Structure formats: structure tokens, C-alpha cells
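Asker: I would like to see how this sequence folds:
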Amino acid sequence: MWESNLAMSESLIRAGYKHELEGRNWARLVQKLSTEGSTVNIVAFGGSVTVGYRLSNTSYPEEFVEWLGATFPGVKFNLINLARRATAATFAALCLVQDMPEDADLVLLEYSVNGYGGQCQCFTSPQTAGYETLLRKIIKKAPHTAMLAFASFMWLDKDNKPGKYYETGEDQHGVVARRYGVPMMSVRDALYDVMFDPDNAYGVKREEILVDIVHVGDYGAKVYAAFLAWAVRHQATRVVLHHRSLAAAARHTPALPPPLNPEAAQEDWPTFCAEGLGLQKYVTENKGWKWVDEGTNACAGCHRYGYLTKQVGDSLTIKVNSDVLSEQDKKDQAKVMLALTFLKSYSDVGHVNVECVSGCECEPKVFDAKNSRPTSELHTERMEIGHGKECLLKFTILDATSTNGHKFRLASVAVHKADKVMSYAYGPVYDR
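Answerer: Got it, this is the predicted structure:
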């Protein structure tokens, strides 16, 4: 393990280690890593940096798993990359945890870039609470998994100047991670000075790592993977040194701690989400819409699935389960929110009317796919609907338009109880 070469100076990588801690379920993970013939299941959550393949042929989770395979040749590693471009932790908590296997052994988390929306970064902010909600949902579903947080960074701003050191979600996420026993590696803490010093003593060249202001190329993916590799090595050493019996330590499963923010304690709340390929099975009637993939087959997160049409009058009916309120919620007159994720762009897009056909009630609402800036991005917008196990929603393209076209691409449909966390209007990053 210690003989494996890393893609960057270890003294630099060490500076990115956020805090010393035992690590939740890390003894169990280390035991599996040291047991020949075992299988380790790894799940990655994050945004486009974790998806990878942005002007490159790989991703840092893949490079990390390659390092693991070379370091532990007797162990089989399975990687499930659930990262999605233009998403924050709230979306993962609502729609992606459902696809995580219960027998996950290691979960990677990367939301420091998409987890910063310019708002007040405190523990009651929706972005921070959404990150804590995701951690709690992961622990609830996979109580034996270890976790490792990775803080990427927006290295340059839109004017190609160095990104501000504090404009990131990682500092708040770091405290949350520590509370839940999750080690964190920060590329900002380790590389901020050398990335902007062409004469640095380590020979680090920013242009060799990045392909744009935030995404990494093939070599950059190896660099980012080296941070995860170092963390595994360090945590494994701690576990071995601090436990007389690795087997006994591996049998201990920590309890789920009380939340830092009570608003984040949503691990037992029922929700509904139809996302990606899963959206198709909930369509009950289709008049003119086409199932498309506007992405590529290069990787799991490279797809851009959805239903698309450009014709006025085309309609799509989708069945959702909006029965997500407890009896107490109903007594408290809690509201149910429908969350729609769709493509917004600056030209050729139109308006869609959403109405409840049967099984629930709602006031019809029109959504405009025109973006306020000249980019194409996935947005999530919401409307209130009534509760019902078989709520039929009809999407109809209107003649009205804010552009010269009527294109509309629906990517996902989700339902949740109205609250301060899931109902937060996340500001997206680039979809294209």
C-alpha cells in the first residue's frame, strides 16, 4: 500500500487532509481491503467534476478505483457513479440515494462547488442542510458503509482570475462531515497557492490539471484520485495502529448522531422520484414527445435522458405518488411539492403547462424554459400539488413562447413534503 506511487507530491496532498478522526465504519472497510477474495462496492455522489469526461477520457473515481485495484490485487472493486452534472446534494438526497445499494462499502461525496450558491454559508442554510440530509439518508440506507468527502474547487472565475478562497461549500460541509465521522480531502487547502504560482517548487502546472475553470483532464483525474488514495492509506494506517483487534472494531456500527440542523433530519421522510431511465416507466400517455439522450455513452453520468418535444399541443401524462405526508403532517396542513427538472436555454425553447388530471388536485402552472443567461442548464422548479398514491400529471406545450421555438426537455419528476431544505431553489451549473 505504501509503495504505490501517487500522481502528486505527498507533502502537498497531506495538506488537503481536513481533520484527524477515526472515521465511521473505516475499520470494517480496512478489514475488507485486507481480506483476499472480498468485494468492495464503491458509490460516488457529486456534480460534473465527479462525472468526469469533460474534454477527457476518464474520471477521478475511476482513477481511484484503478489505484485500489493495483494496491489490493486480491480484492474486487465495483464502482457505481451516481454523480449528475448540475446537481447539488439536495437532488442526490431526493432522487439518487434510492439507487445506492444497501451493501455499499465506501461512499464518495463531492459537493463543495455545487454546494455554494453565494448565500450565507451557515448551518441553517439550505445548501448545508441538504448536505447533512444526504449524509443521514446514506447512513439510514447503508448503515455499514464508510464515507469519504472530497472537496473540489472552482479555481477560476468567469474573468479567468483566481477563485476566491472562501467561495466554496467545503468549510461548512467539513464540519458536517466531521460530525458524522467522514474524513475529507480538500484540493483547495493543498493546491491553492501552487496552482497560481508558475514557479512553484513542486512543478505543479495548472494547465496540465484543468481543462476549464473547474473540471480536470486525464492527468487532473489522476491528481484528484491521488487525494482519495492518500486518504485511504492514512485511514487504514490509523485503524491498524489504534485497534488491537481489527475484527472486533469492524463489528461496531456507530449510531446515527442527532442532526446539527433539525431541518436536515429527513431520513425517514417518504419521497418519490423518477429520474434518468426510470422516468419512462411512469408515463401513462404520450402524444408527440420523444425519449432522447442529448448526452453521450462515454460514462454513466454523461447521459442526458429525458422526454423532448418541439410541437405545440404535444402532451405527456405521468403518474406520480404524491402520498408523502404522515397523518401528523396532514393534521398540520403540510404541503406537497412537485419538483420538475428540465432544460432551460436561451433560444428555441417554449412553455409547458402542468396540470393535475386525476388522483390529486392542483392549480395548473406554466413553466418557461427560457434561461435568463446565454447558457443551457438544468433547472429544478416547483409547484404545489395535492396528495395521492396515483396522481396523474399532464404536460402540454403551449403556443406562447419567450423565444422563437417551443422545445422542452423534461429530465425528472419528484415529490416531497414542503420544507426549507428540499424546496430550496438551487442555482444550477452548466449542463452543456
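Asker: and residue 66, that one's in a helix?
Answerer: Yes. Under DSSP: H, G, I helix; E, B strand; the rest coil, residue 66 sits within a helix.
Asker: got a list of what it touches?
Answerer: Contact partners of residue 66, counting by C-beta atoms under 8 Å, 6 or more residues apart in numbering, are residue 225. Every C-beta, even on glycine, is put in place using the N, C-alpha and C of the backbone.
Asker: now it: how far from residue 7?
Answerer: Remark: distance between residue 66 and residue 7 (C-beta to C-beta, to the nearest Å) = 11 Å.
Asker: which neighbours do the two have in common?
Answerer: Common neighbours of residue 66 and residue 7, counting by C-beta under 8 Å, 6+ apart, are residue 225.
Asker: can you give me the helices for this structure?
Answerer: With DSSP state H as the criterion, the chain has helices at 10-14, 26-33, 48-51, 60-71, 89-91, 126-141, 170-179, 187-195, 206-209, 218-242, 246-250, 327-331.
Asker: comparing those helices, which comes out most buried?
Answerer: A comparison of the helices of the chain by mean neighbour count, using mean count of other C-beta atoms under 10 Å, puts helix 89-91 on top with a mean of 28.
Asker: how far away from the center of its chain is that helix?
Answerer: Helix 89-91 sits 6 Å away from the centroid of its parent chain (C-alpha atoms, centre = their mean, to the nearest Å).
Asker: nearest residue to residue 32 other than its sequence neighbours?
Answerer: Excluding its sequence neighbours, the residue lying closest to residue 32 (C-beta to C-beta, 6 or more residues apart in numbering) is residue 38, at 4.6 Å.
Asker: neighbours around that neighbour, how many?
Answerer: The local packing of residue 38 (other C-beta atoms under 10 Å) involves 15 other residues.
Asker: looking at it, it is touching residue 75, isn't it?
Answerer: Yes. Between residue 38 and residue 75 there is a contact at 5.4 Å, judged by C-beta atoms under 8 Å.
Asker: who touches both of those two?
Answerer: Here residue 38 and residue 75 have residue 32 as joint contacts, going by C-beta under 8 Å, 6+ apart.
Asker: gap between residue 393 and residue 273?
Answerer: From residue 393 over to residue 273 the distance is 14 Å, taken as C-beta to C-beta.
Asker: next one: residue 101
Answerer: From residue 101 to residue 273 the distance is 17 Å (C-beta to C-beta).
Asker: give me the more crowded residue out of those two.
Answerer: residue 273 (24 against 13).
Asker: surely the more buried one meets residue 92?
Answerer: No. Contact criterion C-beta under 8 Å: residue 273 and residue 92 do not qualify, at 10.4 Å.
Asker: shaky segments in this structure?
Answerer: 1-4, 117-121, 123, 424-432 (pLDDT under 70).
Asker: from residue 363, how far off is residue 285?
Answerer: According to C-beta to C-beta, residue 285 stands 22 Å off from residue 363.
Asker: the more surrounded of the two?
Answerer: Neighbour totals were compared for residue 285 and residue 363, and residue 285 leads with 13 against 10 (other C-beta under 10 Å).
Asker: report the contact partners of that one.
Answerer: 315, 316, 317.
Asker: what do you get if the cut-off is 6 Å, keeping everything else the same?
Answerer: Neighbouring residues of residue 285 by C-beta atoms under 6 Å, 6 or more residues apart in numbering: residue 317.
Asker: then residue 136?
Answerer: Contact analysis of residue 136 by C-beta under 6 Å, 6+ apart lists residue 267.
Asker: distance to residue 159 added to the helices of the chain, as CSV?
Answerer: Output for the helices of the chain, formatted as CSV (distance: least, C-beta to C-beta, whole Å):
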stretch, distance to residue 159
helix 10-14, 27
helix 26-33, 42
helix 48-51, 21
helix 60-71, 27
helix 89-91, 28
helix 126-141, 24
helix 170-179, 22
helix 187-195, 16
helix 206-209, 16
helix 218-242, 22
helix 246-250, 50
helix 327-331, 47
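Asker: relative to residue 278, which of those helices is closest?
Answerer: For those, proximity to residue 278 was assessed by C-beta to C-beta; helix 89-91 is nearest, at 14.1 Å.
Asker: which strands and helices sit next to the closest one?
Answerer: For helix 89-91, the elements it packs on are helix 126-141, judged by 3 or more C-beta pairs under 6 Å, 6 or more residues apart in numbering; DSSP states H and E.
Asker: between the helix it packs on and helix 170-179, how many degrees?
Answerer: Angle, helix 126-141 to helix 170-179, by axes from the mean of the first three to the mean of the last three C-alpha atoms, to 10 degrees: 30 degrees.
Asker: using CSV, write out every CA atom in helix 126-141.
Answerer: Extracted C-alpha coordinates of helix 126-141, given in CSV (Å, rounded to 0.1, in the frame of the first residue of the first chain):
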residue,chain,number,x,y,z
PRO,A,126,-30.5,25.1,2.7
GLN,A,127,-27.3,24.1,0.9
THR,A,128,-25.6,23.0,4.1
ALA,A,129,-28.7,21.3,5.5
GLY,A,130,-29.1,19.5,2.1
TYR,A,131,-25.6,18.1,2.5
GLU,A,132,-26.4,16.9,6.0
THR,A,133,-29.7,15.4,4.8
LEU,A,134,-27.8,13.4,2.2
LEU,A,135,-25.4,12.0,4.8
ARG,A,136,-28.2,11.0,7.0
LYS,A,137,-30.1,9.3,4.1
ILE,A,138,-26.9,7.4,3.1
ILE,A,139,-26.4,6.2,6.7
LYS,A,140,-30.0,5.2,7.0
LYS,A,141,-29.9,3.0,3.9
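Asker: alright, that wraps it up for me.
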